[in-house]
Structures are given as structure tokens and as C-alpha cells.
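> Sequence and computational prediction follow.
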Amino acid sequence: MKNVVATISVVALLSTAAFAAQSAGGTSDNLEIRMIPTSVNVTVAQVAAVDRKAVSTANVSTANVSIKGAKLLKPAPQKDLPVVVAGVEIPEKKVVKPAVQVVDDYEDGDFSANPEWWKFDRLLLSVGNNNISEYKGLGKKSLVLEGSTVNSYIGGLGVYLGLDASEFKGLVFTIFGNGEDSGTLKIELYDDDNGNWVVDTAPGKGYAPSADDLYVTRIPVNWTGWRVVKVPFTEFEDENPGVGDDKFNPSQLKTSGGLLQMQIIASSSRKAVGKIDCRIDSISLYRR
Ligand SMILES: [Ca+2]
Ligand SMILES: [Ca+2]
Ligand SMILES: [Ca+2]
Ligand SMILES: [Ca+2]
């Protein structure tokens, strides 16, 4: 705001000076501008740009104007103009899409929003702080999975996706294991074969889909520390032959919702009595 005020006062001074110079019939070659506040950095080019008319009326060449702190602005470097040949189509600029699309990285410290994960049965979830020195590129937070069982099954979590996954090759997770028996994660993917954007279920048949495919794969977490786990869609198998079209086709062709949802089911590793004890971070879909 100071600059604007100062510029206006400079222009006013110039105009007044020009008028005075003209009225007096003298030349304006020796025109000087004084009383410019020293704290304001006004450039000659700015003055000239704001009111070229005032400057030209006064016939002042910018080189003769003395303003404390003034700098001449360098002209912008000239770029070569693109050459267009008539009749030749200009190729469209290729948009390179990022290699991954993040589903959740838990950096907001909340698994129940953005996106909202639902949780069921005896799986305990929380968002914990990462030790960022453990893995290069690790964010500050991740999802902590805990829980114990006497019959292998513990519980699960799920997220609604509703996206066209046809341009992706699979899923990638960053998983922290706490040794050999950290538990097993079953990854479930639901597509939308009857094109209604809903995972249909039949009455009395629990949560099993009745019109759409359920594709699954398993990740046994049997290591210590962080691992990046890439799971191509080709590793998933249809868990409900005869329901849906038995093809993993998560595209939003016609009215299909594409890849509708993902669930992660936690169970103990090898024995019925066991636990889930791991962390998940950076759940993403990958393109390449
Ligand atoms: Ca994270
Ligand atoms: Ca459906
Ligand atoms: Ca099926
Ligand atoms: Ca299908």
C-alpha cells in the first residue's frame, strides 16, 4: 500500500513539475524530483509505467530522473516463439499422471474421516506416531492394528472407494511387522457388476455380496520392521464364483461404480490362538 501511495505522489510531483516547467517556458532537462520518502523504494520504471503521459509531457528521459534507491528493471528475457507450420496438427501436451493415488496415509491422525474407515468385530484401531528414522519417506503417522483371538478371526476395517480403478495395476501398502506372528491381512475388493454403485447383499446371507464380485488376496505379516508390499490386481482371486460376472472389472463403464470398496480382514497368522500386531501406512493404488 505504501508503494501505491508513494507512486501516486511521485506522479503528482511529476505532473506538477511538468506543468511548472511548461508554464515557466523552461526546459525540463534539469527536472529533479525531491522529497521522496527515503523508506519507499520506487523504481523509475514503475513511475514511467504508471503515468507515461506525465513523463512524456515533461520530456524527461528516465536517465535524468534521480530517485534515491531507484533501480532500473531488467527487461524480461526474450523467449523464442513456438513455430507453427500450417496444416500440421499441434500435438497435445501429455499429462503424466502420478504413479500412485493415495487412499489413506493417516497423516491427519484420524481413520474415521478423509476417508472414513468402518471397523468391525474385535479389531482395535488407532493412529500412532511413526519413528520416521525407520524408513526413508515414512510419514509421521500410521494405522495401528491390534487384537487377539482364539479362533483365528479377529475383525476388519473397510473403506468406500467408488472409483474407476481400470488404469491402476494394483495396491501398495507400507506395513510394519512385529515379528513372525504379526497376523494375516486379507484384502477384499468389491467391484460393481450390476451397475448400481452398491455392494448388494441378499437378505439372510450376511454381508456376502449377491450381485457383485469379491476379489481377495492375503498378506501374511511375518517380518520385523517396515516393508512396502505391492499387490497386483492379478494376485486377487474371485471368492464368489457364480456371483457377479467372475471378472475383476473395476472400471466405471456404463453405469458401473467401478471399484466400490475395500476391506482388510485381520486374523492370527498360523494358529487359532494368536493376535494381529502390525501397522499399515500409505495405502495407495499404483499405475506403474
Ligand atoms: Ca503415514
Ligand atoms: Ca452392485
Ligand atoms: Ca464372482
Ligand atoms: Ca466383476
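Received, thanks. These numbers come from a predicted model, not from an experiment. Ligands and ions are numbered 1, 2, ... in the order given.

> and the gap between residue 121 and residue 149?
To residue 149, residue 121 is 9 Å away according to C-beta to C-beta, to the nearest Å. All C-beta spots, glycine's among them, are computed from the backbone N, C-alpha and C.

> list the buried ones in the longest strand along the chain?
In the chain, taking DSSP state E as the definition, the longest strand is strand 274-286. Neighbour-count burial for strand 274-286 flags 274-286 (criterion: 16 or more other C-beta atoms under 10 Å).

> Now flag whichever of those residues is closest to residue 252.
Of all the buried residues of strand 274-286, residue 252 sits closest to residue 285, with 14.0 Å by C-beta to C-beta.

> Need the nearest residue in space to that closest one, chain neighbours excluded.
residue 168 (4.1 Å; C-beta to C-beta, 6 or more residues apart in numbering).

> wait, the one you found sits on residue 258?
No: contact criterion C-beta atoms under 8 Å: residue 168 and residue 258 do not qualify, at 10.3 Å.

> if we can go back for a sec, between residue 121 and residue 149, what contacts are shared?
Counting by C-beta atoms under 8 Å, 6 or more residues apart in numbering, residue 121 and residue 149 have no shared contacts at all.

> Settle it for me: which of these two has more neighbours?
Legend: neighbour count by other C-beta atoms under 10 Å for residue 121 and residue 149, higher for residue 149 (21 against 13).

> Please list all residues in contact with the closest residue to the more buried one other than its chain neighbours.
Nearest residue to residue 149, sequence neighbours excluded (C-beta to C-beta, 6+ apart): residue 268, at 5.3 Å. Applying C-beta under 8 Å, 6+ apart to residue 268 gives the contacts 148-149, 152, 154, 181, 183-184, 274-276.

> out of these, which are inside strands?
Those of the contacts of residue 268 lying in strands (DSSP E): 148-149, 154, 184, 274-276.

> could I get the residues you listed as CSV with distance to residue 164 and pLDDT?
Shown next, in CSV, are those (distance: C-beta to C-beta, whole Å; pLDDT from 0 to 100):
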residue, distance to residue 164, pLDDT
148, 39, 97
149, 36, 97
154, 32, 98
184, 29, 98
274, 38, 96
275, 37, 97
276, 31, 98
